[in-house]
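Engineer: just to be clear, the model below is a prediction. Sequence and coordinates:
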Amino acid sequence: MLEQRRDGNRIFMRHDGALRGVPGPAVALEMVIEDALTVRYRAVPTLPSKLVLTFDGGFDLRETPEGTHVVHTERFRFHQPFRLVAEPFLRDWLRRDIAGEMVRLKQLLEA
């Protein structure tokens, strides 16, 4: 994490942009805690990352008799020509990385 600021329900973060261990341009995102069960985040367009990709996502939580059901969405949109390589390279890794991402964001939200 290169930078992190929180102002009420809004959290601004900037990190190194590495995906699957491959360095990338630093990326910034804004996370908004809508309520106790909904969190949304989106890329903040900055150079040079906005030339490579944009992304957004969020968390939707629902209490069930078995515990908390969490839907975590991440949408990466790579611009051409990066899309040709990035999507096949990252697809399976992103599926596996979601569990770790859940732990990291839980820590951030509870801070």
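Structural biologist: Received, thanks.
Engineer: which parts of this structure are helices?
Structural biologist: With helices called from DSSP state H, the chain shows them at 49-52, 82-110.
Engineer: what about the shortest one, distance to the chain center?
Structural biologist: Averaging C-alpha coordinates over helix 49-52 and over its chain gives two centres that are 15 Å apart (Cα atoms, centre = their mean, to the nearest Å).
Engineer: any idea which of the helices of the chain is most buried?
Structural biologist: helix 49-52 (a mean of 15; mean count of other Cβ atoms under 10 Å). Every residue, glycine included, has its C-beta placed from N, CA and C.
Engineer: and it, what does it pack onto?
Structural biologist: Using 3 or more Cβ pairs under 8 Å, 6 or more residues apart in numbering; DSSP states H and E, no helix or strand is in contact with helix 49-52.
Engineer: start the count at 864, not 1, going forward
Structural biologist: Right, with 864 as the first residue, what we last looked at is helix 912-915.
Engineer: hmm, back to that, out of the helices of the chain, nearest to Leu900?
Structural biologist: helix 945-973 (11.8 Å; Cβ to Cβ).
Engineer: which among the helices of the chain is found nearest to Ile896?
Structural biologist: Of the helices of the chain, nearest to Ile896 by Cβ to Cβ is helix 945-973, at 6.9 Å.
Engineer: chain center to the closest one: distance?
Structural biologist: With Cα atoms, centre = their mean, you get 7 Å for helix 945-973.
Engineer: then stretch 937-957?
Structural biologist: Here stretch 937-957 is found 14 Å from its chain centre; the criterion is Cα atoms, centre = their mean.
Engineer: just the residues contacting it, thanks.
Structural biologist: 882-883, 885, 914-920, 961, 964 (Cβ atoms under 8 Å, 6 or more residues apart in numbering).
Engineer: ok, 10 Å please
Structural biologist: With contacts defined as Cβ atoms under 10 Å, 6 or more residues apart in numbering, stretch 937-957 is touched by 882-885, 887, 904-906, 913-921, 958, 960-961, 964.
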